[in-house]
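Enquirer: just a sequence and a predicted model for now, questions to come.
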Amino acid sequence: MYKVKINGLTLEIIQGNIVKQPDLDGIVNAANAELKIGGGVAGAVHKAAGPDLTEETRPLAPIEPGEAVITGGHNLENSYIIHTLGPVYGKDKPEDKLLGDCYQNSLKIAEDNKLKSLGFPAISTGAFGYPIESAAEVTMKAIKDYLDKINYLGKIRFVLFNESDFEIYKNYAEKIF
Ligand code: AR6
């Protein structure tokens, strides 16, 4: 685990599963435009939350790359799920701006709903093909640029699925914070 304190905010980076973070108020789903069950994170989130989640997401879809919407957590222990659509690498442009928007729009919704803690997966770095090094850099910069707008959040946790991704996110966090 990597941890850094920035004023009142704790930033954590861990290796783990985004649907196994029961101490967080909310988690972020690397969603598809239709906000339906999918592979990767979207598969895990919908399976853990249960079928009522799809009832709640249906009227909110479709969403655009960079956009984020919020729902309840249903069968998850987290009260909220924020669903954001990452850019498909090589297709949705400019991809760095759109990926940064995913993080910043998710943080904005979290703040609007007064969440105290939020967990992120590495959006776009699976099925959507965003190279992990560039994604890590864009992600940490997007968080840094949003820090002065954060009032309620006391903890942001990045949950990386494997060890090499964890190391890369940690290295960029050390560089940028
Ligand atoms: N916890 C944490 N990280 C995970 C988990 C998990 N349970 N499962 C996968 N990852 P992806 P995307 C990592 O493909 O690239 C879906 O099918 C994974 O190793 O979930 O934004 C949707 O339906 C990778 O580093 O999201 C969309 O169509 C990262 O999470 C599309 O994939 C993101 O992988 C979205 O693609």
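Expert: Now that the structure is in, tell me what you want to look at.

Enquirer: so, low pLDDT: which residues of the chain?
Expert: With pLDDT under 70 as the threshold, the chain has no low-confidence stretch at all.

Enquirer: within range of the ligand, give me the residues from it.
Expert: 17-19, 30, 32, 38-42, 44, 86, 121-128, 159, 161, 165 (C-beta under 6 Å from any ligand atom). Heads up, the C-betas are built off the backbone N, CA and C, glycines and all.

Enquirer: show me which of those residues are buried.
Expert: Using 16 or more other C-beta atoms under 10 Å as the burial test, the residues of the chain next to the ligand include 18-19, 30, 32, 38, 40-42, 44, 86, 121-126, 128, 159, 161, 165 as buried.

Enquirer: so which of these are in helices?
Expert: Under the assignment DSSP state H, those contribute 40-42, 44, 165 to helices.

Enquirer: mind putting these into a markdown table with distance to residue 171?
Expert: Output for these, formatted as a markdown table (distance: C-beta to C-beta, whole Å):
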| residue | distance to residue 171 |
| --- | --- |
| 40 | 23 |
| 41 | 22 |
| 42 | 27 |
| 44 | 25 |
| 165 | 11 |
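
Enquirer: ok, so of those residues, who is nearest the ligand?
Expert: residue 40 (2.2 Å; C-beta to the nearest ligand atom).

Enquirer: residue contacts, the most centrally placed residue in the chain?
Expert: Centroid-nearest residue in the chain, with C-alpha atoms, centre = their mean: residue 120, separated by 3.1 Å. By C-beta atoms under 8 Å, 6 or more residues apart in numbering, residue 120 lies in contact with 18, 27-28, 103, 106, 139, 156-159.
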